[in-house]
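[1] only geometry, no sequence info:
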DNA sequence: CGGCCGTATGCAATCGAATGCATCGTACTG
DNA sequence: CAGTACGATGCATTCGATTGCATACGGCCG
């Protein structure tokens, strides 16, 4: 328990020069000895000595100095709409799990779906010398991404893509996911299914919409234009508003395929409002598989997307693109899976009468 | 629509020297002109000229070069257990909302509650020259934090604190929150309340536990040691396990105060398992106010904590500490509020018989 | 009219690591 | 044995911005 008597001096972090001095060599030699890529340039014995010295001094290279010289910052930018949307944390986790071991870190910005804010945030990332961007905010028509691409920014789109831009992307297989949902409902006996589509300004919105049409067709279900209602945002409120619109217009249906889970949750609010019993009166399927859906009233059937893998894959692709800038862009679709819970059931037989009446 | 005929050269990002040249001054002068703190050293007219030039060239200072010289990285580290825990995204949002406008960015790491991983992650943050740390993983006995503190690392604890360490912190007022919960249940008529405490290795776990005792006392409720069951983790599984233990031990109670929402959710699983009707048989109160609790079956009554404000406040304090390292540490408690929903109700009259019988 | 002062600016070193080039010594080859 | 080639290491510059110090110039006072 005796006090440490070492002098209290500011713990001068050791620099490469200190290591070199300790090992009795020049800083340049130390640098080469420590860098696996250049290690073969120095005598094995010397290299060992330098490494020993580095270890003894607890030397850690200053990434800032290194960045300045190599113009590689070891950071990538992560552009998401809003971290508090439960969709994104798993994606971020997946990204960080890949980036970390590779020696990279992620700088995260939230755009709040505001184009101006997004522009400013991206500018700030770029000024911080990120080596690439992972973008989760792409919209179908995205001038910002076009500019960045022209400017040569390395990037990968995740979760959503943009039209007319030859950039790598990692997306859920929306068409397959919707097909899973529609088939499930069709097998339960539903024939009139309402699709509360996400914003058609996003690729996921359109892809799921298109997938919905295709599936409705292939299963021979009622194909009524009134059965597709686009929502303005991927939110509960927008979902609720969309459903109210459909109900108020008198559209008849026995099941809902929601553009995503939040839109599906919005339906729950309307059910409560209007005394609709789910799944007795109406079935609902969500999309994404966000957490705690199994605790809902009723537990929400959903199309589960492997978000963490989405993020991990995007990070891997970005690292590839950084390492080999000339590699052609690549797009991968990750398969979703249907997760059946309590919000879907057979339609009430009564409904068949209504169809005759309409 | 004519093509831009400018030569296609790699967009050489303009440097300070370029700006200086354009303005006909030396780089040093340009630097001073652009920096508000040193601007008064240069002729107003010259300064204007430099600023014009900078703007014309779209000059943006290279933060890496600046960091190297000033040894300020403009980044802070954010140490959290797991971003996919819904508790943390709002905190992170709050932090970033404060950091961004101040010109700082956050580097986020996930520790998965693994001490070794945490150590490695923190080391990586430090090697990246973060100027400070916001730590959400503190435990009561935390050697890592003690080391860091001794080493002079600037930091702020958020959500949890650690014992015997004079470091700033921003916490929810756990005692008040628990008091809100207990009072609510007491007013409904509950007399035997089970507390499923979080891990007592965390300050929140103990603070809520202590608060629980105090409140039970002050309301004159049954104070049975069997009515406090600590859970190993802040998770659904641990909560479920804790409740099963209490049930299996034959402990009688009509209400549960869960250490947090996830522990509360774990109770729902056990209710389903054992055919317990909430709130008819047992009431539950959660803690934190995570999203979508209102969609549960039944909607979970909870003590809502202003997490985004927690994060924002922590970020503000960290920036202060960075700016004035000698400022004494400060701790703030943010008041939670009770959010009453469907998981709490009057106890069944039958219960009163049981009390007589016990 | 000379010295001094303050203002405005330039010069050069610095932060720490990476790297092209020069240098030195040794060993091998013809 | 001379010449060369190569392995190992040192030297010096570079990345871009910041900053202490030196310098130049103009005006003012004694």
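    Ah, there it is. Given the structure is predicted, the values throughout are model-derived calculations rather than measurements.

[2] so where do the strands sit in the stretch 201-350 of chain A?
    A:228-230, A:255-258, A:283-288, A:301-304, A:331-334, A:337-339 (DSSP state E, counting those that start in this stretch).

[3] most packed of those?
    Greatest average neighbour count among the strands of the stretch 201-350 of chain A goes to strand A:255-258 (a mean of 30), per mean count of other CB atoms under 10 Å in any protein chain shown. Every C-beta, even on glycine, is put in place using the N, C-alpha and C of the backbone.

[4] Give the pairing partners of that one; include direction for each.
    Its sheet considered, strand A:255-258 pairs with strand A:193-197 (parallel), strand A:283-288 (parallel) by DSSP bridges.

[5] now the angle from the strand or helix carrying residue A:180 to strand A:283-288?
    Using DSSP states H and E, residue A:180 maps to helix A:174-188. Relative orientation of helix A:174-188 and strand A:283-288, computed by axes from the mean of the first three to the mean of the last three CA atoms, to 10 degrees: 160 degrees.

[6] list the helices and strands helix A:174-188 packs on?
    strand A:193-197, helix A:203-218, strand A:255-258, strand A:283-288, strand A:301-304, strand A:337-339 (3 or more CB pairs under 8 Å, 6 or more residues apart in numbering or on different chains; DSSP states H and E).

[7] hang on, the earlier thing: want to throw the strands of the stretch 201-350 of chain A into TSV with mean pLDDT and distance to DNA strand C?
    Below are the strands of the stretch 201-350 of chain A laid out as TSV (pLDDT from 0 to 100; distance: least, CB to the nearest atom of the strand, whole Å):
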stretch	mean pLDDT	distance to DNA strand C
strand A:228-230	97	52
strand A:255-258	98	51
strand A:283-288	98	42
strand A:301-304	98	43
strand A:331-334	97	32
strand A:337-339	98	44
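
[8] Nearest to DNA strand D, out of those strands?
    Smallest distance to DNA strand D across those (CB to the nearest atom of the strand): 33.5 Å, for strand A:331-334.

[9] for the closest one, packing partners?
    Using 3+ CB pairs under 8 Å, 6+ apart: strand A:331-334 touches strand A:168-172, helix A:307-323.

[10] right, so of the helices and strands packed on helix A:174-188, which gets closest to residue B:16?
    helix A:203-218 (40.8 Å; CB to CB).

[11] Counting neighbours, which bits of the closest one end up buried?
    For helix A:203-218, burial by neighbour count (16 or more other CB atoms under 10 Å in any protein chain shown) applies to A:203-209, A:211-212, A:215-216.

[12] and which of those residues is nearest to DNA strand C?
    DNA strand C has its nearest neighbour among the buried residues of helix A:203-218 in residue A:203, at 38.8 Å by CB to the nearest atom of the strand.

[13] Need the nearest residue in space to the closest one, chain neighbours excluded.
    Once flanking residues are discounted, residue A:203 sits nearest to residue A:161: 4.5 Å by CB to CB, 6 or more residues apart in numbering or on different chains.

[14] Can you tell me how far that neighbour is from DNA strand C?
    Relative to DNA strand C, residue A:161 is positioned 35 Å away (CB to the nearest atom of the strand, to the nearest Å).

[15] Give me the neighbour count for that residue.
    Close neighbours of residue A:161, defined as other CB atoms under 10 Å in any protein chain shown, add up to 23.

[16] So whichever residue of chain A sits closest to chain B versus DNA strand C, what's the distance?
    Closest approach between chain A and chain B, counting by CB to the nearest CB: residue A:297, at 3.4 Å. Applying CB to the nearest atom of the strand, the value for residue A:297 to DNA strand C is 57 Å.

[17] same thing with residue A:239?
    Using CB to the nearest atom of the strand, one gets 51 Å for the distance from residue A:239 to DNA strand C.

[18] residues in contact with that residue?
    Residues in contact with residue A:239, defined by CB atoms under 8 Å, 6 or more residues apart in numbering or on different chains, are A:196, A:231, A:258-259, A:262-267.

[19] Restrict those to the buried ones and give me that as a PyMOL selection.
    In PyMOL, a selection of the buried entries from those looks like this (16+ other CB under 10 Å):
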select buried, chain A and resi 196+231+258+259+262+263+264+265+266+267
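
[20] Out of the contacts of residue A:239, the closest to DNA strand D would be?
    Relative to DNA strand D, the closest of these is residue A:262; by CB to the nearest atom of the strand it sits at 43.0 Å.

[21] From residue B:33, how far out is the closest one?
    Taking CB to CB, to the nearest Å as the measure, residue A:262 and residue B:33 are separated by 50 Å.

[22] hmm, back to that, which ones among the contacts of residue A:239 are found in helices?
    A:262-267 (DSSP state H).

[23] what about stretch A:260-268 and chain B, touching?
    Yes: using CB under 8 Å from any CB of the partner chain, stretch A:260-268 comes into contact with chain B via A:265, A:268.

[24] neighbouring contacts of that stretch?
    Stretch A:260-268 is contacted by residues A:85, A:87, A:196, A:198, A:204, A:231, A:234-243, A:256, A:258, A:278, A:282, A:284-290, A:293, A:296-297, A:300, A:302, A:343, B:292, B:295 when judged by CB under 8 Å, 6+ apart.

[25] near DNA strand D, from the residues you listed?
    The subset of the contacts of stretch A:260-268 within reach of DNA strand D, by CB under 7 Å from any atom of the strand, is empty.
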